[in-house]
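Participant: mind looking at a prediction? Sequence and model below.
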Number of protein chains: 2
Amino acid sequence: MKLLDLIIKRQSDRAYIDKMVDRDIIDRCLEAARLAPSASNSQPWTFVVIDDPALKNQVADKTVGPLKSFNKFVSQAPVIVAIVMEKPKLITEAGGRIKKKEYPLIDIGIAAEHFCLQAAEEGLGTCMLGWFNEKSVKKLINVPNNKNIPLLITLGYTPNGYRTRKKIRKEFNNAVRYNSY
Amino acid sequence: MKLLDLIIKRQSDRAYIDKMVDRDIIDRCLEAARLAPSASNSQPWTFVVIDDPALKNQVADKTVGPLKSFNKFVSQAPVIVAIVMEKPKLITEAGGRIKKKEYPLIDIGIAAEHFCLQAAEEGLGTCMLGWFNEKSVKKLINVPNNKNIPLLITLGYTPNGYRTRKKIRKEFNNAVRYNSY
């Protein structure tokens, strides 16, 4: 599949059927994420795959928001991946402090998207989640308190007939300028 | 090309030949970036393409670091793209403050990588740059002082015989855990 078609296919999928994802498929998605570029090749990440059904349901419970319906779909997904942010290399950390940029967040965005695009190529659905009770999730999967989990990703098969939605984005001419802002 | 092959092909390319990139090719890379997902679909970005040779050289000058050789290759690239960070939606900004995550940086990482992967599919080389004199670059391309440029991307054709390097990454088992950190 052409990259642009894959990009169009990848969307926030918020419905999953009750079917486990084989670990060799999960591992290909993780391989895509593992090969992601990062500032000074720091690779500031650890991917924790949660596919134990009981544990997965406990984690899903920690993503439900103040609005009752928010993130309710998460418990349908057979797999949740937590991306734990690791310390970057000293040079990246120092550079980030000087330039006031948290490079590891940029890096984690890239790795997460590699995962989701590979999942799309495998015929699987994903949804990145940035809003969840991080402290509780860390406890459930034994992440030390001094580390952070910027993102969770749901992974699973979407129901028959679940459609690829048209993407709503800024018009090209609103998003792009040539030679002057 | 399979996504994993594209991911392997994309690397930080630090040598370019003297050949302009057609705007319709640049625009396909921008289209890939424009379609990127973002927290609450905020799309917190504007892409400024710098392909005017004189301006591009001025911007390239602002990427050369304290070490004489650092980023010296940038001036070889016929095109530099600056990603300007825009304010996200109010709900994303409020959520980011509560959860202490700068979501727009994650989003910009994703959009930048879409650009670079599409460029790789087009047979072009790219390199993301996080270290440059941001204040000077903003001035050159008329970005208001209250906005930031987290990343620049070089774009161009690499020389004949320029190789795809083997990626040096953490071993799979060091990057991945199942069900417990």
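Facilitator: That came through fine. Computed from a predicted model, the values in this text were never measured in an experiment.

Participant: how far away is whatever residue of chain A ends up closest to chain B from residue A:72?
Facilitator: Residue of chain A nearest chain B, by Cβ to the nearest Cβ: residue A:109 (3.0 Å). In this view, the C-beta of every residue, glycine as well, is placed from N, C-alpha and C. Counting by Cβ to Cβ, to the nearest Å, the separation of residue A:109 from residue A:72 is 25 Å.

Participant: quick one on the thing from earlier: I'd say the residue of chain A closest to chain B and residue B:102 touch.
Facilitator: No - taking Cβ atoms under 8 Å as the definition, residue A:109 is not a contact partner of residue B:102, at 10.5 Å.

Participant: neighbour count: those two, which is higher?
Facilitator: Counted by other Cβ atoms under 10 Å in any protein chain shown, residue A:109 and residue B:102 do not tie: residue A:109 has more neighbours, with 30 against 22.

Participant: and that one, how far from residue A:103?
Facilitator: 11 Å.

Participant: show me what the longest strand belonging to chain A is packed up against.
Facilitator: Across chain A, the longest stretch assigned as strand under DSSP state E is strand A:148-156. Other helices and strands packing on strand A:148-156, by 3 or more Cβ pairs under 8 Å, 6 or more residues apart in numbering or on different chains; DSSP states H and E, are strand A:79-85, helix A:103-121, strand A:125-129, helix A:134-140.

Participant: can you tell me the strand partners of the first one and which way each runs?
Facilitator: Here strand A:79-85 is paired, per DSSP bridges, with strand A:45-50 (antiparallel), strand A:148-156 (antiparallel).

Participant: and the next helix-or-strand element following the last one, which residues are buried?
Facilitator: Toward the C-terminus, strand A:148-156 is succeeded by helix A:172-175 as the next helix or strand (DSSP states H and E). Neighbour-count burial for helix A:172-175 flags residue A:175 (criterion: 16 or more other Cβ atoms under 10 Å in any protein chain shown).

Participant: how about helix A:172-175, does it reach chain B?
Facilitator: Yes - judged by Cβ under 8 Å from any Cβ of the partner chain, helix A:172-175 and chain B are in contact via A:172, A:175.

Participant: now the element after that helix, going C-ward?
Facilitator: strand A:176-178.

Participant: what's that following strand in contact with?
Facilitator: Residues outside strand A:176-178 that contact it (Cβ atoms under 8 Å, 6 or more residues apart in numbering or on different chains) are B:27, B:30, B:34, B:46, B:47, B:48, B:49, B:51.

Participant: so which helix or strand of chain A has the lowest pLDDT on average?
Facilitator: helix A:90-99 (a mean of 85; mean pLDDT, DSSP states H and E).

Participant: how far out from the middle of the chain is that one?
Facilitator: Here the centre of helix A:90-99 is set off from its chain's centre by 25 Å, with Cα atoms, centre = their mean, to the nearest Å.

Participant: gap between the two ends of stretch A:67-87?
Facilitator: One end of stretch A:67-87 to the other measures 33 Å (Cα to Cα, to the nearest Å).

Participant: in that stretch, which residues are buried?
Facilitator: Applying 16+ other Cβ under 10 Å to stretch A:67-87 flags A:71, A:73-86 as buried.
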